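Participant: Could you work out the structure for the sequence below:
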Amino acid sequence: MFKVTSNHTFKNPARLDIDKTTQGKTSDYSHAVSGVNQILDRGNIGISDRSKNSVIDNVKKVETGARSEVNAHQREALNFGRDAFVSFSKGQFKQGAVEALGSGLNAAASGFKSTYTPTPHEKQGIDPW
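Facilitator: Next comes the predicted model:
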């Protein structure tokens, strides 16, 4: 999905924490998080503690099957939307624009993923119909 280089040195400690969480994970979600996280670090784009913790929680739960990728994207759409509002209200327009874009992309990813990704119950053989 995104080109991730192993020799990238993270500048932002919060982004390094996210990167450490994605290492060794196999889900599409964790791979997408890893790539976007590295791109944003290269662009010197920060992340709130709330969103960092949410992303880390999502990576862990998606990997274990406790949360669907669809739900993880929905949660990030909400969190990044909140962050965008806060950033804009503080006059941090670049940060807010990136967070708003992240919110929109996560909302779109949620809709797209919902068309073909099985829910945790479906993965356990529980048919919704």
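
Participant: Tell me who's in contact with residue 79.
Facilitator: Contacts for residue 79 (CB atoms under 8 Å, 6 or more residues apart in numbering) come out as 48, 50-51, 54, 103. Where you see a C-beta, it was placed from the backbone N, CA and C, and this is true even at glycine.

Participant: could you redo the last one with a cut-off of 7 Å?
Facilitator: For residue 79, the contact set (CB atoms under 7 Å, 6 or more residues apart in numbering) comprises 50-51, 54.

Participant: how about the CA coordinates for the lowest-mean-pLDDT helix or strand in the chain, as CSV?
Facilitator: Ranked by mean pLDDT, DSSP states H and E, the weakest helix or strand in the chain is helix 120-123, scoring a mean of 73. What follows is helix 120-123, C-alpha atoms only, in CSV (Å, rounded to 0.1, in the frame of the first residue of the first chain):
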residue,chain,number,x,y,z
PRO,A,120,-15.2,-10.7,13.9
HIS,A,121,-18.4,-12.8,14.3
GLU,A,122,-18.4,-13.7,10.7
LYS,A,123,-14.7,-14.8,11.1
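
Participant: ok, of the contacts of residue 79, which one's closest to residue 18?
Facilitator: Closest to residue 18 out of these is residue 51 (9.5 Å), distances taken as CB to CB.

Participant: Check what pLDDT that closest one gets.
Facilitator: Residue 51 carries a pLDDT score of 96 in this model.

Participant: so how far is residue 109 from the nearest residue to it once chain neighbours are set aside?
Facilitator: Excluding its sequence neighbours, the residue lying closest to residue 51 (CB to CB, 6 or more residues apart in numbering) is residue 79, at 4.7 Å. Noted for residue 79: a distance of 14 Å to residue 109, by CB to CB, to the nearest Å.
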